[in-house]
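sequence and predicted structure below; questions after.
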Amino acid sequence: MARRKYVVGNWKMNGLTAALGEAQAIFAAAGAHPAVDIALCPPFTLIGAMVAAAPGAVVGGQDCHAAASGAFTGSIAAPMLVDAGAALVIVGHSERREGFGESDADVRAKAEAALSAGLSVILCVGEPREVRESGDAVDYVLAQVAGSLPGAFDPARLAIAYEPIWAIGTGLVPTVADVAEMHGAIRAKLGEQAGAEAADAMRILYGGSVNGENAAELLGAGDVDGALVGGASLTAGKFVPIVEAAAGLG
Ligand code: 13P
């Protein structure tokens, strides 16, 4: 199956109202590349304003709670993201797994809550540096996939993002061969868990220090269907070249 390329910006804890102009510029430029799916995931506080500033744009959250409502001070539920105009949510980012102690079971519960609320999901996995160095990265990541994947899901609404922790925000990237090996292994695991047809339809994104210079090579690797971009998604000047690289591979 031909999977559409998908380039998603994760703004993390960056972005005030003044940044909406960058989002508008990103979505306007992305309009020239209809073969690539684009989304931006700003902080919760900007979701509604970004949807209003860029009508028709696909905007997402960076996390959600597994419960639909309740006494969880400071948390955001999936139906709230929908209410704010979000179409997707990132779950299981390593900055949540590591910084907030989220387990595979927590991530799975969040993904299931998001899907039930009608959101699409980007489910993140990725190994720390010592696991890569010890040669166990594939086994580590496949265990995360097995533990975090929802029980039942529409493959069109669930993407996996492989983000090696040591590559996030460091300027380091794995070799293209290592990316292709990992993405191929993830797709085989998805096939075991969800069936070959679902695995073939699902998009697997690479994330970690993607920029305009390395995007074509990384996105051209086997089984790579797009990118989850942090730092280089904050401005149109840095993000649009990544979209252009994805379009060139279309
Ligand atoms: P950087 O692109 O800044 O390395 O961040 C990647 C990431 O964590 C996206 O979710």
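Noted; the coordinates are in hand.

looking at Ile165 now. What's its pLDDT?
pLDDT, Ile165: 98.

just Ala2 next, same as before
83.

quickly note the distance from the residue lying farthest from the centre of the chain to Val82.
In terms of distance from the mean C-alpha position of the chain, Ala71 ranks first, at 27.8 Å (CA atoms, centre = their mean). As for Ala71, its distance to Val82 is 21 Å (criterion: CB to CB, to the nearest Å). The C-beta positions use only the backbone N, C-alpha and C, and glycine is treated the same way.

and what of Val243?
Val243 sits 25 Å away from Val82, going by CB to CB.

what of Leu218?
Using CB to CB, Leu218 is found at 31 Å from Val82.

just want to know which of those two has more residues nearby.
Leu218 (23 against 17; other CB atoms under 10 Å).

helix or strand: which one has the more buried one?
Applying DSSP states H and E as the criterion places Leu218 in helix 215-219.

before we move on, what about Gly74?
Assigned by DSSP H and E, Gly74 belongs to no helix or strand.

and Val59, bridged to which residues?
Assessed by DSSP bridges, Val59 has beta-bridge partners Leu40.

when you give positions from now on, start the count at 701
Taking 701 as the first residue, the last one we looked at is Val759.

that one contacts Leu740, doesn't it?
Yes - Val759 is within contact range of Leu740, at 5.8 Å (criterion: CB atoms under 8 Å).

mutual contacts of these two, please.
Shared contacts of Val759 and Leu740 (CB atoms under 8 Å, 6 or more residues apart in numbering): Met750.

near the ligand, which residues of this structure?
710, 793, 863, 868-869, 907-910, 928-932 (CB under 6 Å from any ligand atom).

measure the residue in the chain that the ligand sits nearest to to Ala896 for me?
Closest residue of the chain to the ligand, CB to the nearest ligand atom: Gly930 (2.3 Å). Gly930 is 32 Å from Ala896, where distance means CB to CB.

which one of these two is surrounded by more residues?
Per other CB under 10 Å, whichever of Gly930 and Ala896 has more neighbours is Gly930, with 20 against 12.

from memory that one sits against Gly907, does it?
Yes - counting by CB under 8 Å, Gly930 touches Gly907, with 7.2 Å between them.

what residues are shared contacts of these two?
Common contacts of Gly930 and Gly907 (CB under 8 Å, 6+ apart): Asn710, Ile868.

ok so, going back, just the residues of the chain next to the ligand now: which is nearest Gly851?
His793 (21.3 Å; CB to CB).

what's the burial count for the closest one?
Per other CB under 10 Å, the neighbour tally for His793 reads 28.

ok, now which ones touch it?
Shown in contact with His793 (CB under 8 Å, 6+ apart): Asn710, Gln762, Asp763, Cys824, Glu863.

if we go to 6 Å?
By CB atoms under 6 Å, 6 or more residues apart in numbering, the contact set of His793 is Cys824.

which outside residues touch stretch 757-771?
For stretch 757-771, contacts defined as CB under 6 Å, 6+ apart pick out 727, 739-741, 747, 750-751, 772, 775-779, 781, 786-790, 796, 809-810, 813-814.
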